[in-house]
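# need a 3D model of the following:
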Amino acid sequence: MNDSPAVLPLIADRARNAGRAFLTEFESKELLRTTPLSIIETRLAASRDSAVSLSRELGFPVVLKIASPDIVHKTEAGAVKLGLKTARQVETAYDQIMLSAGKAFPQARLDGVTVQRLARPGVEVIIGLTKDPQFGPVLMFGLGGILVEVLKDVSFRLVPLERRDAAEMIREIKGFPLLQGYRGQEPVDIACLEDILLQVSAFAGNNPWVKELDLNPVFAYKDSAVVVDARIIMENNR
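This is a model prediction of the structure:
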């Protein structure tokens, strides 16, 4: 497969020209915001004062994460702070994140932090995309967060998907009762999750340069769903 400038978005082109095979969380979200997907608003703060200003603008409580093209696993670097409720907490968190990330990855370029409002709790699901050498793009669905690593309760389909495929993917995981509402928990909007799967399928078809895509977690609610974190890896061919 040969990518051409006509199909490679500017964000991805800049990353590739910088020698990177992946897009940062902020870049991934900015690109996905051009799709119908509901992406939690995420802003980039290059300074402590900017982080405070953006936090006030977005509304507390907020989440801060390191913004760096050289750090993929932010939590392992101690570079994620959740549930910050005041400007003082944001200032402290910013300093701690920059210090921890600098110690863990002394050679990394630190662009500051991303700021996003803390998403209200929901059922966490994961939607992933990977490109199989023989079959092409393959879509994955399962319970998100740490559950995907522990339970490995996921389903797969080849792209492109039809509505029936999306419905079957969701219903065939063992954890489907959690989505229906379990022990008094509200059921989530299954049709909305089907829409997201179809939108990711369309995104894969329109962007053949994407090698991997992870949306984890996606918070599912009774009437909607929102992508909280995202990561895109590019094909290494030019």
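
# any idea how far Ile40 is from the nearest residue to Arg48 once chain neighbours are set aside?
Among residues not flanking Arg48 along the chain, Tyr94 sits closest, at 4.6 Å (C-beta to C-beta, 6 or more residues apart in numbering). Bear in mind the C-beta positions are built from the backbone N, C-alpha and C, glycine included. Tyr94 sits 19 Å away from Ile40, going by C-beta to C-beta, to the nearest Å.

# between these two, who's got more neighbours?
Between Tyr94 and Ile40, counting by other C-beta atoms under 10 Å, Tyr94 is the more crowded of the two (25 against 18).

# mind listing what Glu76 touches?
Applying C-beta atoms under 8 Å, 6 or more residues apart in numbering to Glu76 gives the contacts Ala104.

# next one: it from Ser100, what distance?
As judged by C-beta to C-beta, Glu76 and Ser100 stand 10 Å apart.

# check Met140 too.
Taking C-beta to C-beta, one finds Met140 at 31 Å from Ser100.

# helices and strands of this protein: which one bottoms out on pLDDT?
Within the chain, no helix or strand scores below helix 147-151, which has a mean of 66 by mean pLDDT, DSSP states H and E.

# return the mean pLDDT over the very next helix or strand once past it, rounded to an integer.
Sequence order places strand 154-158 as the next helix or strand after helix 147-151, per DSSP states H and E. Strand 154-158 carries an average pLDDT of 96.

# what's the distance between strand 154-158 and the middle of its chain?
18 Å (C-alpha atoms, centre = their mean, to the nearest Å).

# any idea of the angle the helix or strand just after that strand forms with strand 154-158?
Downstream of strand 154-158, the first helix or strand assigned by DSSP H and E is helix 163-171. Interaxial angle, helix 163-171 versus strand 154-158 (axes from the mean of the first three to the mean of the last three C-alpha atoms, to 10 degrees): 160 degrees.
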